[in-house]
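Novice: with the input below, show me the fold.
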Amino acid sequence: RYAFVDPRTAGLFRLVLGLLLVLDLIRHASYYDTYYTITGVFPSDKHLWQPTSGHLFSLFHAFSTRGEVLVMFGLGLFAHLGLLLGYRSRLFAFLSFLFVTSRDSRIPLIENGGYVVVNLLCLYASLLPIGQRFSVDAWLRSWRARRERSVEELSDREPIRAPTARVRTLVGLLVVFNVAFIYFFNVVNKTGHIWRAGDTVHYVLHIDRMVTGVAVLAREILPEPLMKAADFGTLSLEAFLFVAILWPSARYYTRALAVVGMISLHATFGVMMRLGPFSWFMCAWSLLLLLPVHWDELGARHRGEPVRLRLQEG
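Specialist: Next up is the predicted model:
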């Protein structure tokens, strides 16, 4: 029931993940000289002599000068674009995983816990059927499947059916339970007095180093009762997401609500707070919750057929 992944879901996830990785790389590359070269604030030779971890590994340690670091970023961009376009999808997903983990290990001083999500999603992508739909791999597969050798074959307009069969994989189980327990531990760890009093949102909006201009505007105009409501609403939504993601029945509704809830929650965080890539990559993770029945209903709407809400998962 949980260890299946629809190839359309995996394909959509790959597109969004690849786009976010490209944008995140551009953001890092704009500071390449300061953080990643041997003349920057944290030279690679110093990092190797005084490692920040007992299990340090980074390909960036082999690229020190400005030109070399730019080459490394170019290789990373090539891997991310390969993932985005869906060419040799799982290979480029693994290369993207190797690049982002190397980049994070090179200078952990500027990273945060949100990058764990980036690394996890790249790893999961390399193990999911992300190239079966919406990809160059899928186009090449369909092109090779029909080689016309006669006039009759050229006249055949019967479309080649793209794969829609669910793929059974243990990774499908992992991605669902992993994201569900992110929200579980978010809820159970928010037990302090400030959370119980409903003052957390007020204090968060006044952490100037972390908030955006939108949050500054919000803290000036939002009344205190609304901030308290947002405090308890955040806790309630995270608790609901844990239940909705894992609920075993009526998943047409619960999974759809979970996707909407995750995107709404993290888009709000991303607009109002400086949390690095965490919020946007969590939005990408939410797309892996889509079920075949959601795609079937979307296809029916596209074809102009009567749409029937179905609880059946098959």
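Novice: okay, the residue nearest to residue 80 when sequence neighbours are not counted: pLDDT?
Specialist: Nearest non-adjacent residue to residue 80, counting by Cβ to Cβ, 6 or more residues apart in numbering: residue 21, 4.3 Å away. All C-beta spots, glycine's among them, are computed from the backbone N, C-alpha and C. On pLDDT, residue 21 comes in at 98.
Novice: just the helices in the stretch 151-300 of the chain please.
Specialist: 151-155, 170-188, 193-197, 200-204, 213-221, 224-246, 251-272, 278-286, 292-303 (DSSP state H, counting those that start in this stretch).
Novice: save those helices as CSV, and put in mean pLDDT and mean neighbour count too.
Specialist: Listed next are those as CSV, based on pLDDT from 0 to 100; neighbours: other Cβ atoms under 10 Å:
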stretch, mean pLDDT, mean neighbour count
helix 151-155, 73, 8
helix 170-188, 95, 17
helix 193-197, 89, 12
helix 200-204, 93, 19
helix 213-221, 94, 13
helix 224-246, 95, 17
helix 251-272, 96, 18
helix 278-286, 96, 23
helix 292-303, 87, 14
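Novice: out of those, nearest to residue 52?
Specialist: Residue 52 sits nearest to helix 278-286 of all the helices of the stretch 151-300 of the chain, at 20.4 Å, using Cβ to Cβ.
Novice: next, the angle from the closest one to helix 170-188.
Specialist: Angle of helix 278-286 versus helix 170-188, following axes from the mean of the first three to the mean of the last three Cα atoms, to 10 degrees, is 130 degrees.
Novice: who touches helix 278-286?
Specialist: 13, 16-17, 20, 112-115, 117-118, 121, 175, 179, 258-259, 262-263, 266-267, 269-270, 273 (Cβ atoms under 8 Å, 6 or more residues apart in numbering).
Novice: can you give the distance from that helix to the centre of its chain?
Specialist: Centroid displacement of helix 278-286 relative to its chain, using Cα atoms, centre = their mean, to the nearest Å, is 4 Å.
Novice: also stretch 223-231?
Specialist: 29 Å.
Novice: may I have that stretch exported as PDB, CA atoms only?
Specialist: Taking C-alpha atoms only, stretch 223-231 is exported to PDB below (Å, rounded to 0.1, in the frame of the first residue of the first chain):
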ATOM      1  CA  PRO A 223      -2.800  41.800  15.500                       C
ATOM      2  CA  GLU A 224      -1.600  39.700  18.400                       C
ATOM      3  CA  PRO A 225      -4.700  37.400  18.400                       C
ATOM      4  CA  LEU A 226      -3.900  36.500  14.800                       C
ATOM      5  CA  MET A 227      -0.300  35.700  15.600                       C
ATOM      6  CA  LYS A 228      -1.400  33.400  18.500                       C
ATOM      7  CA  ALA A 229      -3.800  31.700  16.100                       C
ATOM      8  CA  ALA A 230      -1.000  31.200  13.600                       C
ATOM      9  CA  ASP A 231       1.100  29.700  16.400                       C
END
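Novice: would you mark the buried spots in the one helix or strand residue 143 maps to?
Specialist: Take DSSP states H and E as the rule and residue 143 turns out to sit in helix 136-145. Within helix 136-145, the residues that count as buried by 16 or more other Cβ atoms under 10 Å are 137, 138.
Novice: the residue nearest to residue 80 and residue 33, how far apart?
Specialist: 21 Å (Cβ to Cβ, to the nearest Å).
Novice: these two: who's more crowded?
Specialist: residue 21 (29 against 13; other Cβ atoms under 10 Å).
Novice: and that one, what does it touch?
Specialist: 80, 83, 84, 96, 100, 118, 122.
Novice: among those residues, name the buried ones.
Specialist: 80, 83, 84, 96, 100, 118, 122.
Novice: just curious, which of those residues is nearest to residue 185?
Specialist: Using Cβ to Cβ, those come closest to residue 185 at residue 118, 18.5 Å.
Novice: which SS state does the closest one fall under?
Specialist: What DSSP: H, G, I helix; E, B strand; the rest coil gives for residue 118 is helix.
Novice: fine by me, thanks again.
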